[in-house]
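J.: Here's a sequence, model it:
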Amino acid sequence: MSKRVIFTCVVLFIFGLQGSYETLNAFLLGKLYFNVGALFLPVSILLFLGIRWSRALATAVFTIGYLFLLAVAFFSRTWRVFSPAELPVSNPDSFMILIVMIMGSVLALLHWMLFSPAFEDHLGLSDEKPGEPT
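T.: Residues are numbered from 1 along each chain as shown. Okay, the predicted model is just below:
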């Protein structure tokens, strides 16, 4: 297993743990809240185990994450009205767009890494047959 596979799976696992912790913590406090990052916990485990269809499931979870970030970008002004906390910046809308761009870039990098040759080998999807000369 390559370092790229291990790094990607560990980062997705950490995202999943953080999202699951936030969701569980809010539930225990009596609030209805779901962090989309919690979906990365089972996906990272399946990717780490090398199950063939786990990459398709990961792509679906990444798509949900992209759609959520787009919603945050488009409705940041509306959500800021309902948020009890005030952001300590001069232009909160630009700040939200910057945060969305950073999070989207991290998601896109991790999603891109799923289609690297290292993941092809790990998931058993490479075109080369074992024992064939390269």
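J.: Can you name the secondary structure element that comes next after the helix or strand of the chain with the lowest mean pLDDT?
T.: Ranking every helix and strand in the chain by mean pLDDT, DSSP states H and E puts helix 76-82 at the bottom, with a mean of 61. As assigned by DSSP states H and E, the chain's next helix or strand after helix 76-82 is helix 92-113.
J.: Just the buried positions in that next one, please.
T.: Neighbour counts over helix 92-113 (16 or more other Cβ atoms under 10 Å) mark Met96, Val100, Met103, Gly104, Leu107, Leu110, His111, Met113 as buried. The way it works is simple: take the backbone N, C-alpha and C, and place the C-beta from them, glycine included.
J.: so what's the first one scoring on pLDDT?
T.: According to the prediction, Met96 has pLDDT 79.
J.: That one touches Ala71, doesn't it?
T.: No: contact criterion Cβ atoms under 8 Å: Met96 and Ala71 do not qualify, at 11.6 Å.
J.: quick one: the helices in this protein?
T.: Using DSSP state H, the helices found in the chain span residues 3-28, 40-49, 54-74, 76-82, 92-113, 117-123.
J.: same question for the third one, mean pLDDT?
T.: Same thing as helix 54-74. pLDDT averaged over helix 54-74 gives 91.
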